[in-house]
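J.: return atomic coordinates for the entry below.
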Amino acid sequence: MTTNNNFCPIPWNHSMLAIDGSYRMCCLAKYPENSLSPQEASFNNDINEYRNTSSIINVRKQMLYGTELPNICEGCIEDEKIGNLSKRQSVNLSYPEMYDKAKKLTQQDGTIDTNDFPITYQDIRFSNECNLKCTICDAFNSNQWGKETQELLGRPVPKYRIDF
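T.: Okay, here's the model as predicted:
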């Protein structure tokens, strides 16, 4: 296993389905830069149609060839600055072989053959109704942040739910 300090497997093997039906790169990545698709795209399109969008291929290139983490990875950057184990570091522990595979099979321009990198890690969100109030979340992802959202931002908590 080889690794580098800028690598994260998520742009290669992850799928996040957000509450609004869009595909995203990662729950901790800067929004809206982490959006891979328009809202409700998942209702009609497979994730593989969005796995080589310009935003994610640029992240892949920077992770493989850059000297620092991409700015879009703000959640992990902040965690690592204060000494916490970031999601990136945790996912690297779960997928130790991914760096060598990514280095070998990722095209120079950052694109991948999605058959070489199947989705092995999924984050699927059907609603923002939650019984937790995690500090990494916001009202879009957990309705438990409603009071603070109303007080600090002066707007009510949105209610998101995908009804089937």
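
J.: tell me how many other residues crowd residue 125.
T.: By other Cβ atoms under 10 Å, the residues close to residue 125 number 18. From N, CA and C alone the C-beta is placed, and that goes for glycine too.

J.: can you verify my assumption that it contacts residue 21?
T.: No - contact between residue 125 and residue 21 fails when scored by Cβ atoms under 8 Å: they sit 10.0 Å apart.

J.: so where is the chain shaky, pLDDT-wise?
T.: The model of the chain has pLDDT under 70 over residues 1-3, 157-164.

J.: for residue 130, which non-adjacent residue is closest in space?
T.: The shortest distance from residue 130 to any non-neighbouring residue, by Cβ to Cβ, 6 or more residues apart in numbering, is to residue 142 (4.1 Å).

J.: list the contacts for the one you found?
T.: 128, 130, 132, 133, 134 (Cβ atoms under 8 Å, 6 or more residues apart in numbering).

J.: helices of this structure, start to end?
T.: 10-13, 54-65, 74-81, 87-94, 98-105, 146-153 (DSSP state H).

J.: pull the contacting residues for the closest residue to residue 74 other than its chain neighbours.
T.: Counting by Cβ to Cβ, 6+ apart, residue 74 lies nearest to residue 30, which is 4.8 Å off, once chain neighbours are set aside. Shown in contact with residue 30 (Cβ under 8 Å, 6+ apart): 71, 72, 73, 74.
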